[in-house]
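Asks: With the input below, show me the fold.
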Amino acid sequence: MPSPPAERSPHLVLRFALYTGLALLAAALAIVWFVRRDAQVRAERAVGFHAQFIADTILRDHLAPQDLTAPVHGQRLRQLDDLMRREVLRGGALRANLYSRSGVVTYSSDHSLIGGRPIDAKVGPALVGLIDQETSHLNEEGGEGENPRILEAYVPLLAADGGRPVGVLELYQDYAPVAREIRSAVVPVAAALALALLALYASLFPILRRVTRALERRSNRLREQSEALRATNETLQALIDATPIAIQAVDPAGNVQIWNPAAERIFGWRADEVVGGPLPTVPDGDGPGGREILERALTGEPFSDLETRRLRRDGSLVDVSISAAPIHDADGALSGVVGLVVDISERKRAEDDLRRHNDELEALYRTALRLGQRLELDGVLEEIVTRAADLGESEHGFVYLVDPDGSTLTVRATTGRLAASLFGTRCGPGEGVAGRVWQTGRPMTVDDYRAWPGRRSELDDLGMRAVTAVPLHAG
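Replies: Residues are numbered from 1 along each chain as shown. Now for the predicted structure:
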């Protein structure tokens, strides 16, 4: 039954367009972020350089040593306020602080901070000669009034002789001019990038449509192939499950991979007991029933209708016919062997029965020929016992006849090495195997005469084992 046509996804092109747009947008945002970050870093560096310039040129010539050792007051405070308004707090600078080496604010343009020790102040790097800057708000470390966003820089204040830092200048720069500078750097780049990405997106859209159509066709083909493969696998599995032939597959290591229901019925092991392990049906030893058949199959050599015997779960052997062929992977390497095993025990039994029947006919034919040539009773009995022994595949045979008085049986004909020992021996009704058959009129078989309770003890030294007796009828 053909599978229904695969439904075409109308949103595939839209999904590709959306994913492509998102990828381009992410790339654009990343570029804008890097441009903005670069502008911000340059602005922060400019603030740091400006603060360092003030510290090295203006403040070095106007600050006294005591301005950086203890908080300033009175006339000196007013002089520093005038100096800061004229020379420092210009061009967007909102506040200036001076720190002693111990971290105490000795001067601030916001007088409420003088004498304090802000816990967030980062004067440590500046005291070893480094410039440190960050973005925060004006009153984050204390102070009064408006609290705009700012860039703050900590720079070292060097002694007049250029030695180690004797204090720190903290300069707060209004962030608004920096933001305007960042926008002036970012907006043109963002606009140009947006136009470029739009043009790229517009040029990619027809390509995306062609690619998605090709992907849809390929997806439909794969779906159809997958459906066909699934149907084929289901059909094969149904055949494997329903066939009366045992199907076994092993990997190159000889471990079972497939074990169908017919194999379970023939050999007795369930699939979950054998799959993943070695093949349990291979008998030990050499010869046509040994492991060399499996090894031959694992070399990749195919064969068919090889008759042998295989092991059942109960330990018995079953006659089978095996056909095997190698399985190869996509690279041509051997990936396993599949074998078909047919139970031929019924056929073997029929062949044995036919052969036995033919042997019986042949024996009867030869017996009839010999009997036609030998008219005396002893000769006839000897011919009968010889042919009977041949049919029974035994080297010993005896014929008992009832004596004229009807009271005993006497051995009148023998064959084999026990002939001389048994010829002429007698037994009564019910004595030994012959007596039992005479008494009951039915055939009888004893598998182990030595252990049979009804044996005749005087015959123990003859070493007889299995014994079969049948009645003879006259007329």
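
Asks: Grab the nearest non-local neighbour of the spatially most central residue of the chain.
Replies: With distances taken as Cα atoms, centre = their mean, the residue of the chain nearest its centroid is residue 276 (14.0 Å). Counting by Cβ to Cβ, 6 or more residues apart in numbering, the nearest residue to residue 276 once its immediate chain neighbours are dropped is residue 255, at 6.0 Å. Every residue, glycine included, has its C-beta placed from N, CA and C.

Asks: same question, residue 301
Replies: For residue 301, ignoring the flanking residues on the chain, the nearest one in space by Cβ to Cβ, 6+ apart is residue 326 at 7.6 Å.

Asks: Quickly find the element holding the one you found.
Replies: Counting by DSSP states H and E, the element that carries residue 326 is strand 317-328.

Asks: What mean pLDDT does that strand get?
Replies: Taken as a whole, strand 317-328 has an average pLDDT of 88.

Asks: Could you tell me which strands that strand is paired with, and in which direction each runs?
Replies: Using DSSP bridges, strand 317-328 pairs in its sheet with strand 303-311 (antiparallel), strand 334-343 (antiparallel).

Asks: ok so, going back, what's near enough to touch the residue nearest to residue 301?
Replies: Under the criterion of Cβ atoms under 8 Å, 6 or more residues apart in numbering, the neighbours of residue 326 are 297, 300-302, 334, 336-337.

Asks: Does it have any beta-bridge partners, and if so which?
Replies: Beta-bridge partners of residue 326, as defined by DSSP bridges: residue 337.

Asks: Quick check: the gap between it and residue 297.
Replies: With distances defined as Cβ to Cβ, to the nearest Å, the gap from residue 326 to residue 297 amounts to 8 Å.

Asks: Could you name every residue contacting both of those two?
Replies: Residues touching both residue 326 and residue 297 (Cβ under 8 Å, 6+ apart) are residue 337.

Asks: buried residues in the host helix or strand of residue 436?
Replies: Residue 436 belongs to helix 432-440 when assigned by DSSP H and E. Taking 16 or more other Cβ atoms under 10 Å as the basis for neighbour counts, the residues of helix 432-440 that come out buried are 432-438.

Asks: that's a helix at residue 265, yeah?
Replies: Yes: following the definition DSSP: H, G, I helix; E, B strand; the rest coil, residue 265 is counted among the residues of a helix.

Asks: Could you pull out the helices in the protein for me?
Replies: Secondary structure of the chain, counting by DSSP state H: helices at 12-53, 60-62, 74-83, 124-127, 175-242, 261-267, 271-274, 292-298, 345-373, 377-391, 419-422, 432-440.

Asks: Just put those helices in JSON lines and tack on mean pLDDT and distance to residue 448.
Replies: Compiled in JSON lines, the helices of the chain are given as follows (pLDDT from 0 to 100; distance: least, Cβ to Cβ, whole Å):
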{"stretch": "helix 12-53", "mean pLDDT": "75", "distance to residue 448": "83"}
{"stretch": "helix 60-62", "mean pLDDT": "84", "distance to residue 448": "127"}
{"stretch": "helix 74-83", "mean pLDDT": "92", "distance to residue 448": "131"}
{"stretch": "helix 124-127", "mean pLDDT": "84", "distance to residue 448": "108"}
{"stretch": "helix 175-242", "mean pLDDT": "79", "distance to residue 448": "46"}
{"stretch": "helix 261-267", "mean pLDDT": "91", "distance to residue 448": "31"}
{"stretch": "helix 271-274", "mean pLDDT": "92", "distance to residue 448": "36"}
{"stretch": "helix 292-298", "mean pLDDT": "71", "distance to residue 448": "36"}
{"stretch": "helix 345-373", "mean pLDDT": "66", "distance to residue 448": "24"}
{"stretch": "helix 377-391", "mean pLDDT": "71", "distance to residue 448": "20"}
{"stretch": "helix 419-422", "mean pLDDT": "76", "distance to residue 448": "19"}
{"stretch": "helix 432-440", "mean pLDDT": "88", "distance to residue 448": "12"}
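
Asks: Distance to residue 105 added to these, as a markdown table?
Replies: As requested, these are exported to a markdown table (distance: least, Cβ to Cβ, whole Å):
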| stretch | distance to residue 105 |
| --- | --- |
| helix 12-53 | 16 |
| helix 60-62 | 18 |
| helix 74-83 | 12 |
| helix 124-127 | 14 |
| helix 175-242 | 22 |
| helix 261-267 | 93 |
| helix 271-274 | 83 |
| helix 292-298 | 90 |
| helix 345-373 | 108 |
| helix 377-391 | 130 |
| helix 419-422 | 137 |
| helix 432-440 | 131 |
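
Asks: and residue 322, which of the ones you listed is closest to it?
Replies: Among those, helix 292-298 comes nearest to residue 322, with 6.8 Å by Cβ to Cβ.

Asks: Please point out which parts of the strand holding residue 326 sit buried.
Replies: Neighbour counts over strand 317-328 (16+ other Cβ under 10 Å) mark 318-324, 326 as buried.

Asks: hang on, the earlier thing: which of the buried residues of helix 432-440 lies closest to residue 53?
Replies: Minimum separation from residue 53 among the buried residues of helix 432-440 (Cβ to Cβ) is found for residue 433, which lies at 133.9 Å.

Asks: what residues are up against the closest one?
Replies: Each residue near residue 433 by Cβ under 8 Å, 6+ apart is listed here: 444, 446, 449, 454, 467, 469.

Asks: one more time with 6 Å
Replies: The neighbours of residue 433, taking Cβ atoms under 6 Å, 6 or more residues apart in numbering as the test, are 444, 446, 467, 469.

Asks: List only buried entries from those residues.
Replies: With neighbours counted using 16+ other Cβ under 10 Å, these contain these buried positions: 446, 467, 469.

Asks: Return the member of those residues nearest to residue 130.
Replies: Minimum distance to residue 130 across those is 114.9 Å, recorded for residue 446 (Cβ to Cβ).

Asks: I'd like the distance from stretch 230-244 to the chain centre, please.
Replies: What separates the centre of stretch 230-244 from the centre of its chain is 24 Å, taken as Cα atoms, centre = their mean, to the nearest Å.

Asks: Sorry, slip of the keys, the one I care about is stretch 199-217.
Replies: Counting by Cα atoms, centre = their mean, stretch 199-217 is centred 37 Å from the centre of its parent chain.

Asks: Done for today, thanks.
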